[in-house]
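Asks: following is a predicted model, sequence given first.
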Amino acid sequence: MPALKSLSKLGMPSLPVREDEHGVLRVADTRIPLETVLLEFRSGKPPEAIVEQFPALKLEDVYVVVAYYLTNRSTMDAYLRQVEQEAQQTSELIESRFHNAALLQSQRQSKQSR
């Protein structure tokens, strides 16, 4: 039997992840972020439950993503930490702007009442 020269000849799927125009990694052709699937899996949900929760996903895509995660756990955990850190920074920025806007509004009202 001749040796296979590439995994594609075995029909091995490629990672069903794409980067959108904002740099967000999304699963297949859905709008579901990669980190959403990974966090659901890490919280103990099996791929079938993830697909039930997010019907836009295909079960085979979730299995491929989970297999990739399990094979590359340290890299993917670092990715998840980075995404979490970016989300925290964005949240803090929004909160500071909201707080500053509320403070300015309060100061304006105080000046107007004088």
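Replies: Sure, I can see it.
Asks: and the helix or strand that contains residue 90, how far out from the chain middle?
Replies: Assignment of secondary structure by DSSP states H and E places residue 90 within helix 73-112. Helix 73-112 has its C-alpha centroid displaced from the chain centroid by 18 Å (CA atoms, centre = their mean, to the nearest Å).
Asks: tell me the mean pLDDT over it?
Replies: Mean pLDDT, computed over helix 73-112, is 81.
Asks: mind giving me the domain split of this protein?
Replies: Per automatic domain parsing, the structural domains of the chain span 13-71, 83-114.
Asks: my guess is residue 65 meets residue 13, correct?
Replies: No - look at residue 65 against residue 13 with CB atoms under 8 Å: they stay out of range, at 10.2 Å. Placement of C-beta: from N, CA and C, glycine included.
Asks: quick one, which of those two is more surrounded?
Replies: residue 65 (23 against 14; other CB atoms under 10 Å).
Asks: hang on, the earlier thing: out of the domains of the chain, deepest packed?
Replies: domain 13-71 (a mean of 16; mean count of other CB atoms under 10 Å).
Asks: endpoint to endpoint, that one covers what distance?
Replies: This stretch, domain 13-71, spans 15 Å end to end (CA to CA, to the nearest Å).
Asks: just the element for the spatially most central residue of the chain, please.
Replies: Nearest to the mean C-alpha position of the chain, by CA atoms, centre = their mean, lies residue 35 at 2.7 Å. Using DSSP H and E, residue 35 sits in helix 34-42.
Asks: what angle do that helix and helix 73-112 make?
Replies: Calculated by axes from the mean of the first three to the mean of the last three CA atoms, to 10 degrees, helix 34-42 forms an angle of 120 degrees with helix 73-112.
Asks: what residues does the next helix or strand after helix 34-42 touch?
Replies: Per DSSP H and E, the first helix or strand lying C-terminal to helix 34-42 is helix 47-53. By CB atoms under 8 Å, 6 or more residues apart in numbering, the residues outside helix 47-53 that reach it are 37, 40, 41, 45, 57, 58, 59, 62, 63, 66.
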